[in-house]
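Engineer: Pasted the sequence and its predicted model underneath.
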Number of protein chains: 2
Amino acid sequence: MVMDKISISTLGKFVGEEVTVKGWLYNKRSSGKIKFIVLRDGSGYLQCIYFKGNVSPEIFELADKLGQESSIAVTGKVKEEKRAPGGYELDATGLEVINEAIDYPITLKEHGTEFLMDHRHLWLRSSKQVAILKIRHRIVKAIRDFFDNKGFTLMDPPILTPAACEGTSTLFETPYFDLGKAYLTQSGQLYAEAGAMALGKVYTFGPTFRAEKSKTRRHLTEFWMVEPEVAFNDLNDNMDLAEEFLEYVVQTVISEMTEELKVLERDTTKLQKVKRPLPRISYDEAVEILKKNGVDFEWGNDLGGADETIISNEFDMPVMVHRYPSAVKAFYMKRDPENPKLALAVDVLAPEGYGEVIGGSQREDDFDALLKRIEDNELPREAFEWYLDLRKYGSVPHSGFGLGLERTVSWICGLDHIRETIPFPRMIYRITP
Amino acid sequence: MVMDKISISTLGKFVGEEVTVKGWLYNKRSSGKIKFIVLRDGSGYLQCIYFKGNVSPEIFELADKLGQESSIAVTGKVKEEKRAPGGYELDATGLEVINEAIDYPITLKEHGTEFLMDHRHLWLRSSKQVAILKIRHRIVKAIRDFFDNKGFTLMDPPILTPAACEGTSTLFETPYFDLGKAYLTQSGQLYAEAGAMALGKVYTFGPTFRAEKSKTRRHLTEFWMVEPEVAFNDLNDNMDLAEEFLEYVVQTVISEMTEELKVLERDTTKLQKVKRPLPRISYDEAVEILKKNGVDFEWGNDLGGADETIISNEFDMPVMVHRYPSAVKAFYMKRDPENPKLALAVDVLAPEGYGEVIGGSQREDDFDALLKRIEDNELPREAFEWYLDLRKYGSVPHSGFGLGLERTVSWICGLDHIRETIPFPRMIYRITP
């Protein structure tokens, strides 16, 4: 009996047996009396070899004629073959067409970016995109495992929110029944703070949105963010957590996804260096680095993308920059008791020019200080009453950070543009397919 | 040296030692020369006992005076105590106030639903809400583990979509730069289908939205859905997957979350019965059940909530109802080759009146049939060109289903209303806090 429903990744269990494998024709070539078909099924790639003498003339001809991405079922005997991708090949005898694909638009030649993005639903089938999506999945799993194993509770924050966290200019808005407008969340942090007071250690992990008119290779309008928040953690604890987290994620992924990283031709030597302790420098020290490198930088400004690259180039692993001028940071960040002009913030800059992957802070836990900050920023107090309540009833020091998933995928995969890090990217000029 | 940063859940490692634990005052009582404080820190509950003779008069008085939800640090010696929640208690000597809470709004008496929902950010701290959120987290983890262990790839679908999957009347919409409008996704399924053609087995897991004016105890406007999609699976494979999945999730949660289910006073005997094989009945058989129960039901109608309850009451575990009239099901469902009036759909109805928790189908994989369905439903072909492409280039039979997370949490926790299943629920009349 020929076995059915066998995936390429499990072929090692069937050496010497006759099997049928279903999938798509990824590539083919011909060499006189032999036809080669490379089959893909999402779990791997399998070279199927048709010898002219072993199969009927019809099948031999079919193996030559079938177009790329035709769905097929191949039958044959599994052979060990060290040189083959995956380690096995198929001595093929049968070939059944499920659905013939004629003129598949994405060939193995070069295509323009717009063309590929218009065909994103098909482009996902290419080996590079498959590798990226699998690495993305492994990163997500590593992130969740890290927090789950440390006793954090997952807390899904709302996507539809009543008020703007930091101004409405970069918010997507939607009518909400009789309640006026709702806005798509930019961050689950404020809600995570309520969660930390209930559960001690929480993390949120979901999509966030920014209606920003930034057309750069680092920006998406829709992206996923993970945000841990921990009661009783101060800025130093927060940095300890961030570096342990980053080490775990990077080391797990590079040790488990070697095949996929190879497909992407990623040089992982720099990723191997992501180990604790990560360098920690203050904003003041960062400014010194910029000046040393000839940048005309004024103390008090925020660091731009180009500044971040110059700073991170001084280190061969991610660098933590802490204690920024409070004027350039969010209202909810606690001031440094030793210098109230500084916020107890920390950003983690990835190496190789990938920019900020983590942004975090210790939060303002004093009711009066937070209220003043809300008023100074002309935010509507009413919308933040519930957030102020967290400082009224059993306030505690607490800290957290956010890591952008797509920037992390981009960095670990070594990609030029963030658009390939998510199945269906959303940018200011793209909402399809 | 007194140890710092110890969570209640790990106290078993410190029996006989003096420790400091930080958290919130959950409850207190007094008995002459003894004061009891129940401390909570998110990881558990700890009874701290202050003997008049062992502490200063100031501390003894403080233990009496402090309000509920004050944040405190208690110091004392860890003692084993079988009768205590968690198995340990603290022979307390120190009490430090971090932030005193005065007149915490949620007391241990009964409050109205609207009051509790208005104070959701604080209500989350109550033991029942903590238990629900921890069970929700464990359900999410069980769902992800199930698919991860079976070789599925996670595929995050877009939230912002260009077109309506099934009409625009129940969609939230937002202006999208110069590209017109974007709609919040109702389902990631169509995108998951593209993913299944690339990766074989995928699942999506994210928030979905319905701008439906349903004010029932089963409806949220924002809810999470997991949607597996598998290439080469037919309807039977789909039902096999659904029942294995449901068994895994329910059995994992009831065996690992016994403490939390006890807090909720959940009778788990019915949940223990959720084991394969689940009963499978056709829509025709479901109609017979309704008629037998005196319901005036016409063949061809969809099953309503009340109908579902009557049907599920005939079984003591979830029941799969398959092969519905195609007229009441979505355009993308494949017709039954043996009776084209039927769609190869399956819904899984939870017992105890919790209604549909899973809806799925085999998908239409024939280009012409799908195109006709799109035209018959007066859907804009242009918006579905990419979806039709999946039937043009290597189409294969494929199936999938969606499970609503909040309904599943509601069922497993045995809740009366879906609003307690998610940290910050969104309903037609509620967008805050």
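Structural biologist: Alright, I've got the coordinates.

Engineer: How about the contacts made by residue A:170?
Structural biologist: A:186, A:210-212 (CB atoms under 8 Å, 6 or more residues apart in numbering or on different chains). C-beta coordinates here come from the backbone N, C-alpha and C atoms, glycine included.

Engineer: ok, residue A:5 - how many residues close by?
Structural biologist: 11 (other CB atoms under 10 Å in any protein chain shown).

Engineer: Tell me how many other residues surround the spatially closest residue to it that is not a sequence neighbour.
Structural biologist: Spatial nearest neighbour of residue A:5, excluding adjacent residues (CB to CB, 6 or more residues apart in numbering or on different chains): residue B:232 at 7.1 Å. Other residues lying near residue B:232 total 21 when counted by other CB under 10 Å.

Engineer: Tell me how chain A divides into domains.
Structural biologist: By the record's domain assignment, chain A is partitioned as A:8-99, A:120-421 (automatic domain parsing).

Engineer: So for the longest strand along chain A, mean pLDDT?
Structural biologist: Across chain A, the longest stretch assigned as strand under DSSP state E is strand A:18-31. Across strand A:18-31, pLDDT averages out at 96.

Engineer: I'd like the distance from the next helix or strand after that strand to the chain centre, please.
Structural biologist: Elements were assigned by DSSP states H and E; along the chain past strand A:18-31, the next helix or strand is strand A:34-40. Between the centre of strand A:34-40 and the centre of its chain there are 33 Å (CA atoms, centre = their mean, to the nearest Å).

Engineer: partners of whichever helix or strand comes after strand A:34-40 in the sheet?
Structural biologist: Going down the chain from strand A:34-40, the next helix or strand is strand A:45-51, by DSSP H and E. Strands that pair with strand A:45-51, judged by DSSP bridges, come out as strand A:34-40 (antiparallel), strand A:88-99 (parallel).

Engineer: what angle do the shortest one and strand A:18-31 make?
Structural biologist: Which is strand A:34-40. Interaxial angle of strand A:34-40 relative to strand A:18-31 (axes from the mean of the first three to the mean of the last three CA atoms, to 10 degrees): 120 degrees.

Engineer: residues touching the residue nearest to residue A:5, list them.
Structural biologist: Contact analysis of residue B:232 by CB under 8 Å, 6+ apart lists A:5, A:22, B:200, B:396-398.

Engineer: Can I have the buried ones of these as a ChimeraX selection?
Structural biologist: One line in ChimeraX is enough to select the buried ones among the contacts of residue B:232; burial here means 16 or more other CB atoms under 10 Å in any protein chain shown:
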select /A:22 /B:200,396,397,398
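
Engineer: Including distance to residue B:308 and secondary structure, could the contacts of residue B:232 go into a markdown table?
Structural biologist: Compiled in a markdown table, the contacts of residue B:232 are given as follows (distance: CB to CB, whole Å; DSSP: H, G, I helix; E, B strand; the rest coil):
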| residue | distance to residue B:308 | secondary structure |
| --- | --- | --- |
| A:5 | 32 | coil |
| A:22 | 36 | strand |
| B:200 | 33 | coil |
| B:396 | 32 | coil |
| B:397 | 28 | coil |
| B:398 | 27 | strand |
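
Engineer: quick one, which of the domains of chain A is nearest to residue B:162?
Structural biologist: domain A:120-421 (12.3 Å; CB to CB).

Engineer: end-to-end on the closest one?
Structural biologist: End-to-end distance of domain A:120-421 (CA to CA, to the nearest Å): 12 Å.

Engineer: Work out for me the element the residue of chain A positioned farthest from its centre sits within.
Structural biologist: Ranked by distance from the centre of chain A (CA atoms, centre = their mean), the top residue is residue A:53, with 48.9 Å. Using DSSP H and E, residue A:53 is not contained in any helix or strand.

Engineer: Having no further points to raise, I will conclude here.
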